[in-house]
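*Asks:* Got a sequence here, can you model it:
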Amino acid sequence: MTAILSVNSATKKFGELVAVDNVSFEVNEGEIYGIAGPNGAGKTTLFNLITGIPYHTDAGVVTYRGEDISQLSPHKIYELGIARTFQKETAFDTLTVQENVRIGAVFGTELAVEDYDSAVDAALESLDLIDDRQRLAGELSLYAKKRLMIASAIVSNPNLLMLDEPAGGLNMAELSELESLILRLSQSEMTIIIIEHVLPLLFGVSNRVMVMDFGERLAEGAPEALARDDAVIEAYLGERGKDAFHAISG
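*Replies:* Now for the predicted structure:
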């Protein structure tokens, strides 16, 4: 399999705190790669290092399709085909859903002006938001805002989509819909990296999962293998988390 993204010995320090400590991994073209870990494990910091938002690595190399992007500006990384979402659902609340996604089309694509609307509508259709395109973003539910954020990312037709905790705050029905949505996006030849605390969702969509703790890579493997790995369970989730892993592994 061909690696679309390679991270080699990525390190980021904030004073004496080592937020990401010599982390290495590869993501293959077309797969869904999950990243798990407790709060403060360094997951979002790792996303920031890959996308350059708002900082770069102190050491190590991030390579995208063979090109070193470790110190590139965020807009250059975006133009290469990497798009991301953030933990907090963000939108321009006083603009319509359509206008929000159109911003992504204007700043993230090289489309002719006359092609913006078709690209926006295609993104909204993919996220089941086409009927809400004239609504103000501020009127949307939490789940709809999360989908809007993803739509604003995929309108640029990225090769690599990075989702940072998209399931936070969702109910069971919404989680099921989100799982189907992520799998559908993956079928469009889009590679996806997803950070998530909701383990049933993460394990349900991911081909492989990396577990982080204290800024380090703790383990990596197939979800079903990690669900039975006592070292991962004890070091990452502790006694309380065993039930969650065992419920997933059956």
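*Asks:* confidence score at Gly104?
*Replies:* Gly104 is assigned a predicted lDDT (pLDDT) of 88.
*Asks:* Actually, Met1.
*Replies:* pLDDT recorded at Met1 is 78.
*Asks:* And for Leu202?
*Replies:* Turning to Leu202, the model gives it a pLDDT of 95.
*Asks:* cool, and the one 10 residues further on?
*Replies:* Model confidence at Met212, expressed as pLDDT, equals 93.
*Asks:* give the contact list for it.
*Replies:* If you count contacts by CB atoms under 8 Å, 6 or more residues apart in numbering, Met212 has them with 23, 35-37, 41-43, 46, 218. To be clear about C-beta, it is placed using only N, CA and C from the backbone, and glycine gets the same treatment.
*Asks:* Which one among these sits at the bottom for pLDDT?
*Replies:* On pLDDT alone, Gly37 ranks lowest of those, at 89.
*Asks:* and it, backbone torsions?
*Replies:* Per-residue torsions, Gly37: phi 160, psi 160 (degrees, to the nearest 10).
*Asks:* need the longest helix for this protein.
*Replies:* The longest helix of the chain (DSSP state H) is helix 172-186.
*Asks:* got any ranges where the protein has weak pLDDT?
*Replies:* 235-250 (pLDDT under 70).
*Asks:* Can you list the residue ranges for helices in this protein?
*Replies:* Taking DSSP H to define them, one finds helices in the chain at 43-51, 74-80, 97-108, 116-126, 142-154, 172-186, 199-205, 223-226, 230-232, 238-249.
*Asks:* Give me the angle between the longest helix of the chain and helix 116-126.
*Replies:* Interaxial angle, helix 172-186 versus helix 116-126 (axes from the mean of the first three to the mean of the last three CA atoms, to 10 degrees): 130 degrees.
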